[in-house]
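S.K.: I would like to see how this sequence folds:
(chains A and B)
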Amino acid sequence: MKSKMMIISMVIVIFIAATSFTFFQQKPWPVPDKNSKMPNPVKSDDASLKTGKAVWSKDCASCHGKSGKGDGSKSASLKTPPGDFTSAAVKGETDGALFYRISEGRGDMPSFKKKIPDAEELWSVINYMRTFK
Amino acid sequence: MKRINKYYTLKIASVLICLFAAMNVGYGQQPDTLKGITITHQAAADTVSPSPAPSGKKPVKNTFESIWLIDNQTVMIPVKGTFEMDFMHRFGTWDNGYQDFFGLFGGTNIRLGFNYVPKDKLLVGISFTEYNLTWEAYAKYALLKQTQDGSTPVSVTYYGDVAIDTKKEGDYPHFSNRMMFFNQVIVARKINDKFSVQVAPSLTHVNSVQGYYPGDTTSDGKSVVGKEMLHDHFAIAFSGKMQLSSSLSLLLNIDQPITKHKTNNPDPNVSVGLEVNTSAHAFQFFFGNYQYITPSRNNYYNHNDYTSGQWLIGFNITRLWNF
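M.R.: Alright, predicted model coming up:
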């Protein structure tokens, strides 16, 4: 009886240990209130979307995927999953918050404020991200 | 005794596995947790500010994706604070066919370059090339940038390069004999998102030229040493890029000598290739006639004749870092 109980316990413990690796932990990424409230000065017109798409294809798609679903070719090797930008949570973020995160970077996510010093391009990337479905 | 030990071991193992599992169980959090985050880093707020309103006076973007277009420089200068490393490789000519596997196993030439952009529009760098152990120091400055509204229709960049032969052997009575100078004005236009072209006249100056005797004859009938070639050589390059996709381009380049020398006139160069771009890399893979990589040497000494099958395969790899 005792050995039977031990075996059942072991099976349950192994099951929990195995399935625990399917979860991942994302640290919260706070955005200063001032940046979060910053409006997007770039109109989401054809020119802006074209610029945003060009920057996305070159600088973002390799990790975040062509359509922003976090399924880029490099995504599997990242410590922090790149996330799904078609989700309601990201859609609910302000443009200012997204701009802050793209500019500052964190961990696997590089900072783009030096690589792309033209802020208009970064705002255009955000306009392009809004088109993801 | 044996039975008791077996259960004891199993119990210890179970406790350890539970502890290990507890450490790895986290939240299945997608960005849903990002909403409603409170402020914690006010200091960072000052690093980001809104951009000014868009203006047609802004320069066009990405006339070229790299500072190189096969063997020529382009008008592109990376943003301030960029450090770039260039790795350039040329194989042998493929006219020997299978004997050296179409040049891949033949003579090679390699160049390592290191560039930095200390201020806007200015690039400086040094490089070291295998052929004759040539060191180069160069600078490139963007004099004019094509604007989006067309008020400035072209981009103009100046490129200057000093090359020094450092191989031990050779007929160099003075150190200055080892030096060559290259000056080029590059004029480019981004026609549309798919096509960019540039024209680049250049002047090469070599301090030391080959002589021959008896050479020229003076007015009083004396023979003096003649020069096989002039010290100065003009040439012009035509280059173009056609964007095939967001990261793939077709490249074309033609270098045409202009100056006529008494002898040893250099041959033109024709090169065609593909360029793949990523965020921090540019890969160019091509075939052409120039093997020396050093621009002054290419323009002045190239004798690979494109009409005689003297083509070679080469590649350029550039990698950028932003500090």
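
S.K.: low-confidence ranges in chain A?
M.R.: Low-confidence segments of chain A (pLDDT under 70): A:17-26.

S.K.: longest helix anywhere in it?
M.R.: Across chain A, the longest stretch assigned as helix under DSSP state H is helix A:2-20.

S.K.: need the next SSE after that one, C-terminal direction.
M.R.: Sequence-wise, the next helix or strand downstream of helix A:2-20 (DSSP states H and E) is helix A:33-36.

S.K.: which ones are touching residue 109?
M.R.: Answering for chain A, as no chain was given. Under the criterion of C-beta atoms under 8 Å, 6 or more residues apart in numbering or on different chains, the neighbours of A:Met109 are A:Thr80, A:Pro82, A:Arg101. C-beta here means a position set from N, CA and C on the backbone, and glycine is covered the same way.

S.K.: sorry, should have said chain B
M.R.: B:His89, B:Arg90, B:Thr129, B:Glu130, B:Tyr131, B:Gln291, B:Tyr292, B:Ile293.

S.K.: neighbour-wise, give me the winner out of the contacts of A:Met109.
M.R.: Within these, most neighbours by other C-beta atoms under 10 Å in any protein chain shown means A:Pro82, with 20 neighbours.

S.K.: hmm, A:Cys63 and that residue touching each other?
M.R.: Yes: between A:Pro82 and A:Cys63 there is a contact under C-beta atoms under 8 Å: 4.9 Å.

S.K.: shared neighbours of these two, which are they?
M.R.: Common neighbours of A:Pro82 and A:Cys63, using C-beta under 8 Å, 6+ apart, are A:Gly70, A:Gly72, A:Ser75, A:Asp108.

S.K.: send the alpha carbons of the helix or strand harbouring A:Ala97 over as PDB?
M.R.: Using DSSP H and E, the element containing A:Ala97 is helix A:95-104. Output of helix A:95-104 as PDB, limited to C-alpha atoms (Å, rounded to 0.1, in the frame of the first residue of the first chain):
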ATOM      1  CA  ASP A  95       1.600  55.000 -28.400                       C
ATOM      2  CA  GLY A  96       3.800  56.800 -25.800                       C
ATOM      3  CA  ALA A  97       4.300  53.700 -23.800                       C
ATOM      4  CA  LEU A  98       5.300  51.700 -26.900                       C
ATOM      5  CA  PHE A  99       7.600  54.500 -28.000                       C
ATOM      6  CA  TYR A 100       9.300  54.500 -24.600                       C
ATOM      7  CA  ARG A 101       9.900  50.800 -24.700                       C
ATOM      8  CA  ILE A 102      11.300  50.900 -28.300                       C
ATOM      9  CA  SER A 103      13.500  53.800 -27.500                       C
ATOM     10  CA  GLU A 104      14.900  52.500 -24.100                       C
END
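
S.K.: what about dumping the CA coordinates of the helix or strand that it is followed by to PDB?
M.R.: Moving toward the C-terminus from helix A:95-104, the next helix or strand (DSSP H and E) is helix A:119-129. Provided in PDB are the C-alpha atoms of helix A:119-129 (Å, rounded to 0.1, in the frame of the first residue of the first chain):
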ATOM      1  CA  ALA A 119      11.900  59.800 -33.600                       C
ATOM      2  CA  GLU A 120       9.500  60.200 -36.600                       C
ATOM      3  CA  GLU A 121      10.600  56.700 -37.800                       C
ATOM      4  CA  LEU A 122       9.900  55.200 -34.400                       C
ATOM      5  CA  TRP A 123       6.400  56.800 -34.300                       C
ATOM      6  CA  SER A 124       5.800  55.400 -37.800                       C
ATOM      7  CA  VAL A 125       6.700  51.900 -36.600                       C
ATOM      8  CA  ILE A 126       4.100  52.300 -33.900                       C
ATOM      9  CA  ASN A 127       1.600  53.400 -36.500                       C
ATOM     10  CA  TYR A 128       2.500  50.200 -38.500                       C
ATOM     11  CA  MET A 129       2.200  48.000 -35.400                       C
END
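
S.K.: which residues sit against helix A:119-129?
M.R.: With contact meaning C-beta under 8 Å, 6+ apart, helix A:119-129 is reached by A:40-42, A:44, A:48-49, A:51-53, A:55-56, A:60, A:68, A:85, A:90, A:95, A:98-99, A:102-103, A:112-113, A:116, B:49-51, B:54, B:58, B:61.
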